[in-house]
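Asker: starting from these lines, generate the structure:
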Amino acid sequence: MQEYLYYIILPLVLGLWAQFQVHSKYSKWSQVRSKSGVRGKDAAAAVMEQAGIRDVEIVRIEGKLTDHYDPIHRRLALSEDNYDGTSLAALGVAAHEAGHAVQHKEAYAPLQWRSALIPVTNFSCQLLPFVILGGFFLNFFGLIKVAVCIYLILAIFQLVTLPVEFDASRRAKKALAGLSIIDEEEQVGVGETLNAAAFTYVAAFIASLGTLLYYLSMLSRRRDD
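Answerer: The predicted structure is shown next:
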């Protein structure tokens, strides 16, 4: 029970707290309009233009914080609030996603590693529910080994994701300031938004690592029995 608390419950609480922080910071700074009045769409375009990127389509998508960069289709998708939004939060998120496009153009190694891991990670996520149910209800020793392999893959994927996300945020902050889209005072709002978002990836890695350690401890105990 103590191992379950340390490896599963505490990382889960940390993840929930991280999600609360990102939504809290985003909500706070989405109410603060930038002095430049630049829209998120235009900020993302400016960041990519500065890097010499002219072949990435910027599209509006539904949802909140559903923003992402699609390297396969060369498409930068911004949620409705960030596409047309002029807030500090919108500018930060839009520039962050543009930062991923710049990483792609420059063949940023951690981004390539993460892209290479996506197929096996997606397959592992699809397999995981069946493995967990089988392990708990059938008490099948072999499935615990499979669960260890799956969470090892997930932990590696989350670990590789960390430099990708932190670097994209670094690029976003530098570009927004360099392009005079935000001034020095406004960097605080952009920074808080992006830092809170980045911490969710830290929490996701800790959760994956914690679960991996939990299953390794189960495996060890069963071998000792």
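Asker: which residues sit in contact with the spatially most central residue of the chain?
Answerer: Central residue of the chain (C-alpha atoms, centre = their mean): Tyr201, 5.1 Å from the mean position. By C-beta atoms under 8 Å, 6 or more residues apart in numbering, the residues touching Tyr201 are 158, 161-162, 165. (C-beta placed from N, C-alpha, C; glycine too.)
Asker: what separates it from Ala177, distance-wise?
Answerer: Tyr201 is 23 Å from Ala177, where distance means C-beta to C-beta, to the nearest Å.
Asker: so which of the contacts of Tyr201 belong to helices?
Answerer: 158, 161-162, 165 (DSSP state H).
Asker: of those residues, which pair is most distant in space?
Answerer: Using C-beta to C-beta, the two most remote members of the ones in helices among the contacts of Tyr201 are Gln158 and Glu165, lying 10.2 Å apart.
Asker: strands along this protein, start to end?
Answerer: Applying DSSP state E to the chain gives strands spanning 57-61, 68-70, 75-79.
Asker: in this structure Ser79 contacts His68, no?
Answerer: No: applying C-beta atoms under 8 Å as the test, Ser79 and His68 come out as separate, 9.4 Å apart.
Asker: OK, contacts around Ser115?
Answerer: With C-beta under 8 Å, 6+ apart, Ser115 has these contacts: Pro71.
Asker: Ile153 too?
Answerer: Ile153 makes contacts with 117, 120-121, 124, as judged by C-beta under 8 Å, 6+ apart.
Asker: which intervals of this structure have sub-threshold pLDDT?
Answerer: 1-4, 135-142, 221-225 (pLDDT under 70).
Asker: repeat the analysis, applying 90 as the threshold.
Answerer: Applying pLDDT under 90 to the chain flags the ranges 1-12, 14, 127-148, 211-225.
Asker: understood, closing this out.
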